[in-house]
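*Asks:* sequence and computational prediction follow.
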Amino acid sequence: MKCYPVPRENLVLSIDNLKDDIPEEYLSHKECYENVIRKGSVLYDIFSELSKDRKHKAHQAPSNAYRISDGIMQNVNPFLLHFALFVPAITNQATPEQQAEFLKHGFGIIGTYAQTELGHGTFLRGLETTATLDLETDEFVLNSPTLTSYKWWPGGLGHTANHCVVMAQLYVKGKCHGPHLFFVQIRDIETHEPLPGLKLGEIGAKMGFNTADNGFLGFHNFRIPRNNMLMKNSQVLKDGTYVESKNEKLTYGSMVFVRVYLLSDMAYMLARAATISVRYSAVRHQSHIKPDEPEVQILDFVIQQHKLFISIATSHAFKICGLWLWQTYSKVMEDIGKGSMDRLPELHALSCCLKTTSTRDAGWLIEQCRLACGGHGYLMSSNLPSLYTTATAAITYEGESTVLLLQTARYLIKSWKRAMEGESLPATVSFLSEYFNKRYNKWENTPKGIVDGLKLVVAGVTKMCAESIQKHVSRGQQYEEAWNSSSVQLIKASEAYSRALLCEVFWFEVDKVSSTLSNNLAVVLKQLAELYITYWALEKRGDLLVYTTISKDDLDKLQERYEELLALIRPNAVGLVDSFDIRDEILCSTLGAYDGRVYERMMEHALKSPLNAETVNQSFHKYMKPVILKHKI
Ligand SMILES: CC/C=C\C/C=C\C/C=C\C/C=C\CC/C=C/C(=O)SCCNC(=O)CCNC(=O)[C@H](O)C(C)(C)COP(=O)(O)OP(=O)(O)OC[C@H]1O[C@@H](n2cnc3c(N)ncnc32)[C@H](O)[C@@H]1OP(=O)(O)O
Ligand SMILES: Cc1cc2nc3c(=O)[nH]c(=O)nc-3n(C[C@H](O)[C@H](O)[C@H](O)COP(=O)(O)OP(=O)(O)OC[C@H]3O[C@@H](n4cnc5c(N)ncnc54)[C@H](O)[C@@H]3O)c2cc1C
């Protein structure tokens, strides 16, 4: 058994058979998959050793070893679901005895999380896969009764995983008890052949994520032991007794874990895009500012700073808020472990809106970074296109953004009603109770004043939603119809809430630690936090004009301050992205390498194109030449 010391980047990045001779973009769909399995298997071996040292706990932040694989895989790791969802689902939802049983092979098994079906992804109560108890044999019989009930999308399901956690409708003695999770072996450990009674395959090429091996799975009278239902929260006894969970939503806990994690993940995606685009903008000279002077670094154009510095700031915002949300998640998980689920709705609401905002922002900001690099940003070798397709997948997976924002809106409306009834609220929504006392407060053009203003927007929009729902109900609509009629405003309330949270947590966390930092570092971090908050105050000026006492003059001053901050950050811009400390081998970009040899790297990469192996491609003689000669005058 090879034994690796805890991997360091140097060790992992120095392993020869982890390097690619041919850039991935020149491999076929099948070769891409085989290539990532080759590299992923080496990493899986290393990370398995690492994880053994770290004993998987239900809510332990994943190790940053996951980051090293970004550089090695240069795309999505098909083993990712094993670590991201399969193991957390078992440690979250199985009894200790089941955990010992299901994970006894340690990393000798490779799992995924099979919940989404061809016909359902959002509405989990509509899932069609069934798990029916057979009392005589003490087994569950799994079936996919329709084509739309086939599991569809789970990562690693097509050809990689040999086990999965499956979400299926539980049937006991003819009664349906809703979606539950089951531990299922799907392939033979030795031969990797699909087990009898299963139909397995991959779902085909995608916009990105093409090495994730997203697959489909159909069951035909497939039997598993009764004990394979994850029974930490609810149980099915040998005699067929169903013991209900204290809270049926605990079954959805695995999704909360990934949603919480994604905030940090997006911080890292953005850090990569910002590093590439800012370094390139320092190297690229184009056009003049003063006509009689040489061509300038494009980073000296203020509009380029406007496009890029928000990404530096946002990466830090997501990193800091991601840590804050992780601490909240860990605390709530501890409380649940002690039997208290009071804060689960709050955690669900926070994770829904912050996952949505971070993934959406990462998407458009990475695209903005790409566009800021001109044509060269459009090259696959820049790595910006791949960062974009990988990041934007997260807007959909782990809960589609619209759906999750409506979940947060549900919590805001409930909180508003409690506030109007004089109930005390959790700190993250207590500002709703202060709306009527604070809505005419004098505007303060400071970061704290902006945060207070953004909170007033949340309260004002939430109030408007509650009134809209009430109006529709009074006109005869059922509550659910009234909710649907008001959903455009409800989404706005959640988006505003998420932005206010990000600004507040970012500013106050930076403010809190600044006294512990060197003066220079504190100054720069505060500049980034103030840039972030001022950027969003200007973006949301319309809402601030409606719901606060901000004036046109205040906005003009904010615009001026924003432009001052761009100028203040400019001298530190390259240093700030260097401080993300992402090695070239993990950045994988011809535009963003630390040494700035952009043009040499672009040419080196271009020459690796298989098309450049010969000066005249065979298609000339086969196809072009006959046509040219035929039409030659
Ligand atoms: C080494 C690496 C380690 C880690 C890396 C980690 C991450 C790496 C990055 C990426 C991972 C890699 C690849 C991506 C993998 C993708 C996986 C998936 O996509 S898995 C499938 C995800 N699917 C979903 O998220 C489905 C979305 N739908 C839902 O969540 C629910 O159906 C929905 C909430 C929309 C509706 O719920 P429903 O029960 O139908 O009804 P309702 O809206 O009435 O809600 C009822 C009640 O329940 C509360 N609630 C709902 N969901 C939750 C929850 N998750 N937790 C807690 N509470 C919940 C809801 O608030 C409501 O409560 P009240 O009635 O208001 O009290
Ligand atoms: C790259 C990638 C990887 C994935 N990996 C996995 C995985 O490993 N395991 C897994 O189980 N799944 C996985 N998924 C599936 C993912 O979780 C689903 O795609 C997601 O939950 C959305 O479900 P859906 O695709 O069925 O869209 P739908 O739920 O059909 O939604 C389609 C549209 O309808 C709208 N809509 C739906 N419901 C509502 C509502 N109540 N109110 C308003 N609008 C609504 C949505 O906003 C959306 O725009 C993955 C998906 C992708 C793209």
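*Replies:* Yep, it's here. Ligands and ions are numbered 1, 2, ... in the order given.

*Asks:* use CA for all of it now, contacts and neighbours both
*Replies:* Noted.

*Asks:* pull the contacting residues for the nearest residue in space to residue 151 that is not next to it in sequence.
*Replies:* Among residues not flanking residue 151 along the chain, residue 117 sits closest, at 4.1 Å (Cα to Cα, 6 or more residues apart in numbering). Each residue near residue 117 by Cα atoms under 8 Å, 6 or more residues apart in numbering is listed here: 127, 128, 148, 149, 150, 151, 152, 153.

*Asks:* those residues of the protein touching ligand 1, which are they?
*Replies:* 62, 66, 80-81, 83-84, 115-116, 121-125, 249, 252-253, 255-256, 258, 261-262, 344-345, 348, 397-399, 403, 407 (Cα under 6 Å from any ligand atom).

*Asks:* just say helix, strand or coil for the residue of the stretch 201-350 of the chain found nearest ligand 2.
*Replies:* For the stretch 201-350 of the chain, the residue closest to ligand 2 is residue 209, as judged by Cα to the nearest ligand atom, at 5.9 Å. Of the three states, residue 209 takes coil under DSSP: H, G, I helix; E, B strand; the rest coil.

*Asks:* pLDDT weak spots in the stretch 51-200 of the chain?
*Replies:* By pLDDT under 70, the weakly predicted segments of the stretch 51-200 of the chain are 51-66.

*Asks:* go again using 80 as the cut-off
*Replies:* Within the stretch 51-200 of the chain, the stretches with pLDDT under 80 are 51-71, 73-74, 106-107.

*Asks:* strands of that one, start to end?
*Replies:* All strands of the stretch 51-200 of the chain, identified by DSSP state E, counting those that start in this stretch, fall at 111-114, 130-134, 139-143, 151-152, 163-172, 175-185, 198-202.

*Asks:* by residue count, what's the longest helix in this protein?
*Replies:* Determined from DSSP state H, the single longest helix within the chain is helix 302-337.

*Asks:* what about it, average pLDDT?
*Replies:* The average pLDDT for helix 302-337 rounds to 96.

*Asks:* list the helices and strands the next helix or strand after it packs on?
*Replies:* Note on helix 302-337: by DSSP states H and E, the next helix or strand toward the C-terminus is helix 344-371. Applying 3 or more Cα pairs under 8 Å, 6 or more residues apart in numbering; DSSP states H and E, one finds that helix 344-371 contacts helix 253-283, helix 302-337, helix 384-396, helix 401-420, helix 487-514.

*Asks:* torsion angles phi and psi at the residue lying closest to residue 78 once chain neighbours are set aside?
*Replies:* Closest residue to residue 78 apart from its sequence neighbours, by Cα to Cα, 6+ apart: residue 212 at 4.4 Å. The phi/psi pair for residue 212 (degrees, to the nearest 10) reads phi -80, psi -10.

*Asks:* count the neighbours of the closest residue to residue 79 other than its chain neighbours for me.
*Replies:* Among residues not flanking residue 79 along the chain, residue 156 sits closest, at 6.5 Å (Cα to Cα, 6+ apart). Neighbourhood size, residue 156 [other Cα atoms under 10 Å]: 30.

*Asks:* hmm, back to that, look at the residue nearest to residue 78 and report its pLDDT.
*Replies:* 94.

*Asks:* let me see the contact set for the residue most central in space within the chain.
*Replies:* When Cα atoms, centre = their mean is applied to the chain, the residue found nearest the centroid is residue 262 (3.6 Å). Each residue near residue 262 by Cα under 8 Å, 6+ apart is listed here: 355, 358, 359, 394.
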